[in-house]
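> With the input below, show me the fold.
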Amino acid sequence: MKAKIILTSIFFVGINAVSAQQNKEVSTLANDSISITSVQSVQTQKLLEEKAKAEKKALKDVEKKAAEFKKEQRKLEKAQKEMDSEKKAFEKRQSKILSAEKSVSKAKSRLADEKKSLEKNKAKLNKKKAKGKLTAIEIQEENIKISKQEVKIQELELKVQNEESNLIKVRS
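Numbers count the residues shown, from 1 in each chain. Prediction:
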């Protein structure tokens, strides 16, 4: 756009220079030179006025185009900012979703590990009971440990549900 403005102004300056060279007066006869010169000066004055008007109009057009160009440039910058902010928001949302999915999978793996541990402890207790090596107090202690593990499993199940509901909230 700036190139257009520059080229247009150079064009008008060139036209002005060429027309000024063409309007040089050459008087050949001494008698007629005064009347020809006055007629030509009136004509050149009119031509100069018209050229001045045309140049003013051209200058106004160039200024209008420059103003429109600046306006369009501002619109583009604003659109670019909006695109950047939308992109940033999208990336932030994707990051939150990824984090929530990670939390869900972590909670599920903890729950699975705890269930495995519980089954293992129950199997150990049953083996020891079958061999008859445990006293009644030791059996109660083992049952207390198993009960604590069951409570922990329930807490982990609640945590998994909370993480899944959080993931659903983040996705929507």
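
> Would you state the strands of the chain in chain order?
Per DSSP state E, the chain has no strands. Nothing in it meets that criterion.

> Could you check how far the spatially most central residue of the chain is from residue 10?
With distances taken as C-alpha atoms, centre = their mean, the chain has residue 84 as the residue nearest its mean C-alpha position (1.0 Å). In this structure, residue 84 and residue 10 are separated by 38 Å, where distance is defined by C-beta to C-beta, to the nearest Å. (Glycine included, C-beta is placed from N, CA and C.)

> Run the chain-centre distance for the longest helix anywhere in the chain.
With residue count as the measure and DSSP state H as the assignment, the chain has helix 30-131 as its longest helix. With C-alpha atoms, centre = their mean, to the nearest Å as the basis, helix 30-131 stands 5 Å off its chain's centre.

> Compute the mean per-residue pLDDT across it, please.
Per-residue pLDDT values over helix 30-131 give a mean of 88.

> by contact count, what packs against that helix?
Of the remaining helices and strands, those touching helix 30-131 by 3 or more C-beta pairs under 8 Å, 6 or more residues apart in numbering; DSSP states H and E are helix 2-22, helix 136-171.

> With mean pLDDT and distance to residue 107 as extra columns, can I get those helices in JSON lines?
Output for the helices and strands packed on helix 30-131, formatted as JSON lines (pLDDT from 0 to 100; distance: least, C-beta to C-beta, whole Å):
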{"stretch": "helix 2-22", "mean pLDDT": "73", "distance to residue 107": "60"}
{"stretch": "helix 136-171", "mean pLDDT": "92", "distance to residue 107": "5"}
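
> For residue 47, find the nearest of those.
Between residue 47 and the helices and strands packed on helix 30-131, the tightest spacing by C-beta to C-beta is seen for helix 2-22, at 7.3 Å.

> List of residues touching the closest one?
Applying C-beta atoms under 8 Å, 6 or more residues apart in numbering, the set of residues contacting helix 2-22 from outside is 47, 51, 54, 55, 58, 59, 61, 62, 65, 66, 69.

> how close does residue 127 sit to residue 120?
Plainly put, residue 127 is 11 Å away from residue 120 if you go by C-beta to C-beta.

> hang on, I meant residue 4
Note on residue 4: its distance to residue 120, by C-beta to C-beta, is 81 Å.

> do residue 69 as well
In terms of C-beta to C-beta, residue 69 sits 76 Å off from residue 120.

> ok, those two, which is more surrounded?
When residue 69 and residue 120 are compared for neighbours, residue 69 comes out ahead with 14 against 11, by other C-beta atoms under 10 Å.

> Was I right to think the more buried one contacts residue 1?
Yes - the pair residue 69 and residue 1 passes the contact test of C-beta atoms under 8 Å, sitting 4.2 Å apart.

> That concludes my questions; thank you for your assistance.
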